[in-house]
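Novice: What follows is a predicted structure for the sequence shown.
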Amino acid sequence: MGLGRFIGEFEYTIDGKGRLAVPVEFRKKLGPDENKLIFLPGRFQTIEVHPYTEWNDYEDRVLRHLPEHTEEAQRFFILLYSQAGEATLDVQGRVLLPKHLREWAGIKNNVVITGAGKFFLIWEPERYRKFVTESMANYQRDRNEAGRQAWEMMLRFRAHERND
């Protein structure tokens, strides 16, 4: 797996062929043989980018635990995998962004690339600015709520461990 978490924000331009340079700071976080990336439709109408090994880990940790036979799960899996793409970093650290994902995310020439821990996101700049403005206005409330949810999960996990 990679060498660290993806953090920070960077503004870049997509070239005429649809290629995007991955920030040097992000390339340094990839493992030595980790040059393949997985692209997905992401939350907030972004392009979600996972290093290949992290994607495999995500499939094992999360996706394999989702119910397979509900209509919602089937729609989700089919859409997720049909819209996903792969690309390999070229020697200049660029990747070709899938055209259908660029269109879906409303991306033309300029992007904002943001860290999201184990993966990173590619945003249409105006959408990103709006997201930051709204999120900063709700930061304290959202942080408190996330902490409350984490605390509840930890208590349920501990109760489950005691009952086993």
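Specialist: Arrived safely, thanks for sending.

Novice: Mind splitting the protein into its structural domains?
Specialist: Under the assignment automatic domain parsing, the domains of the chain span 9-123, 126-164.

Novice: In terms of mean pLDDT, which of these ranks lowest?
Specialist: For the domains of the chain, mean pLDDT drops lowest on domain 126-164, to a mean of 88.

Novice: Which residues does the one helix or strand residue 20 maps to contact?
Specialist: Using DSSP states H and E, residue 20 sits in strand 19-21. With C-beta atoms under 8 Å, 6 or more residues apart in numbering as the test, strand 19-21 has contacts from 12, 14, 90, 92-97, 111, 113, 122. Bear in mind the C-beta positions are built from the backbone N, C-alpha and C, glycine included.

Novice: what about 6 Å?
Specialist: 12, 14, 93-97 (C-beta atoms under 6 Å, 6 or more residues apart in numbering).

Novice: again with stretch 108-127
Specialist: Residues outside stretch 108-127 that contact it (C-beta under 6 Å, 6+ apart): 5-14, 23, 42, 46-50, 54, 105-107, 128.

Novice: For the residue nearest the centre of the chain, what are phi and psi?
Specialist: Central residue of the chain (C-alpha atoms, centre = their mean): residue 48, 3.5 Å from the mean position. The phi and psi torsions at residue 48 (degrees, to the nearest 10) take the values phi -90, psi 130.

Novice: returning to that earlier point: which ones among the contacts of stretch 108-127 map onto helices?
Specialist: 54, 105, 128 (DSSP state H).

Novice: then stretch 68-83 to CSV, C-alphas only?
Specialist: The C-alpha trace of stretch 68-83 is given here as CSV (Å, rounded to 0.1, in the frame of the first residue of the first chain):
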residue,chain,number,x,y,z
GLU,A,68,-25.6,-8.0,-2.8
HIS,A,69,-29.2,-8.8,-3.5
THR,A,70,-31.1,-5.6,-2.9
GLU,A,71,-32.1,-3.5,-5.8
GLU,A,72,-30.3,-0.5,-4.4
ALA,A,73,-27.0,-2.5,-3.9
GLN,A,74,-27.3,-4.0,-7.4
ARG,A,75,-27.8,-0.5,-9.0
PHE,A,76,-24.9,0.8,-6.9
PHE,A,77,-22.5,-2.0,-7.9
ILE,A,78,-23.4,-1.9,-11.6
LEU,A,79,-23.0,1.9,-11.8
LEU,A,80,-19.8,1.9,-9.8
TYR,A,81,-18.0,-0.7,-11.8
SER,A,82,-19.4,0.3,-15.2
GLN,A,83,-18.4,4.0,-14.7
